[in-house]
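S.K.: Okay, sequence plus prediction incoming.
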Amino acid sequence: MMIKFSVLFLSVLFLTFTQTTEPPENQFILTEGSILNLYDAFGKDSILTKDFGFSCITKYQGKTILFDAGSNADIFKNNIIKLGIDLKSIDLVVISHGHFDHLNGLDYVLTQNPNVIIYFPYDIFWGAPVPFDATGQENSVKDSLPKHMQYFEGGPTKFFIKQSGRFWKANIEFVKSSKEILPGLNLIATSSAYMGYFSCYPNKSFVEGQFDHPKDECKQTGLPELSLSMKTPKGDVLIVGCSHTGVENIIIETQKFTNAPTDLVYGGFHLLPFDRIQTSKLVDKIKNELKVLRVAPAHCTGHLAFQLLQKEYATNYLYAGLGEKLIY
């Protein structure tokens, strides 16, 4: 009886061990040269939660790279867990720009990997050092005041404000200009001429009531933006977040910086504001003038652009919905 019980106990222990050590059935194995869409509003996978925002993860030269982190930390966490992604294993994070739908999941990322390096556009509204001049008018007045009423007790009045930023104590590097961060891995810094919302884009793009910026009040603000370029034998693989700069302008800047052709553009092309004529012109420019070989549009590209890009690129149009693994 004792022998039978021992055998039964060992069998149960063995089964328990093997079950707990096997990876989840839906675990995504991130392989070299793959990209996985973690956050988006469209996709074939019904298990993942769809939401308007963007995040993807890729592996390049052995480094695991998270690009953007979606709109909602809870949804981002839910998708990450269901896909079996281990955020502790990521080597670096790139945030494309300071809009909510691309960075709110960082709060969850930092609970899992608090020391990971985060590359962020040089945006003073998110923590980049601020050049400031507190001299004011009639500078000589300062000398008539007692020391305790003078800025810095009479010291320099032109300085940089070193902020703590939105993500306090995070390991953030603010990137002002394009740079290579690892061999073949480049951050492409650009700047949008518009406010970054659909209401302030040119040519009939104002959507009544969507945002509180009447068209005649739109100003050029220079929204800073980062894209990620990865060198491959076939050309650069370019990941874009929302392309407020204009996806064509990001491609041009990338080709200028890397001096290489563009094999693939993946991510948000931000063509939602544009009509059929404008979108067709941009699609033609991307394919025939800039010679981009393949496209994998996602996020804010828009239904019209999905259709036109798919028609123009045919088999070189790669589907990149939520939960989709793409091999570049």
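M.R.: The structure has been received and is ready for your questions. Numbering: from 1, shown residues only.
S.K.: The residue nearest to Gly222 when sequence neighbours are not counted: what's it in contact with?
M.R.: Spatially, and ignoring its direct neighbours in sequence, Gly222 is nearest to Ser191 (4.5 Å; CB to CB, 6 or more residues apart in numbering). C-beta: built from backbone N, CA, C; applies to glycine. Counting by CB atoms under 8 Å, 6 or more residues apart in numbering, Ser191 makes contact with 222-225, 245.
S.K.: The host helix or strand of Ser191 pairs with which strands, parallel or anti?
M.R.: Per DSSP states H and E, Ser191 falls inside strand 185-192. Looking at strand 185-192 with DSSP bridges, its partner strands are strand 179-182 (antiparallel), strand 223-232 (antiparallel).
S.K.: export these to TSV and tack on mean pLDDT, mean neighbour count and distance to Thr111?
M.R.: Below are the strands paired with strand 185-192 laid out as TSV (pLDDT from 0 to 100; neighbours: other CB atoms under 10 Å; distance: least, CB to CB, whole Å):
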stretch	mean pLDDT	mean neighbour count	distance to Thr111
strand 179-182	98	14	24
strand 223-232	96	24	23
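S.K.: how about those strands in a markdown table, adding distance to Gln61?
M.R.: Shown next, in a markdown table, are those (distance: least, CB to CB, whole Å):
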| stretch | distance to Gln61 |
| --- | --- |
| strand 179-182 | 7 |
| strand 223-232 | 8 |
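S.K.: Ile124 is nearest to which of these?
M.R.: strand 223-232 (9.2 Å; CB to CB).
S.K.: measure stretch 141-159 end to end?
M.R.: Length of stretch 141-159, first residue to last, CA to CA, to the nearest Å: 19 Å.
S.K.: Ok, stretch 310-321 next?
M.R.: Stretch 310-321: ends 14 Å apart by CA to CA.
S.K.: now do stretch 116-128
M.R.: For stretch 116-128, the end-to-end distance is 18 Å (CA to CA).
S.K.: Now do the helices in this protein.
M.R.: Assigned by DSSP state H, the chain shows helices spanning 2-21, 73-83, 100-103, 106-112, 247-258, 276-284, 303-313.
S.K.: Okay, and the beta partners of the residue nearest to Thr31 when sequence neighbours are not counted?
M.R.: The shortest distance from Thr31 to any non-neighbouring residue, by CB to CB, 6+ apart, is to Lys59 (6.4 Å). Beta-bridge partners of Lys59, counted by DSSP bridges, are Thr64.
S.K.: for Lys59, what are its contacts?
M.R.: Per CB under 8 Å, 6+ apart, neighbours of Lys59: 30-34, 65.
S.K.: Out of the residues you listed, who's the most crowded?
M.R.: Within those, most neighbours by other CB atoms under 10 Å means Ile65, with 24 neighbours.
S.K.: wouldn't that residue be in contact with Leu36 here?
M.R.: No - applying CB atoms under 8 Å as the test, Ile65 and Leu36 come out as separate, 11.2 Å apart.
S.K.: residues touching Leu264, list them.
M.R.: Going by CB under 8 Å, 6+ apart, Leu264 touches 235-238, 292-296, 318, 328.
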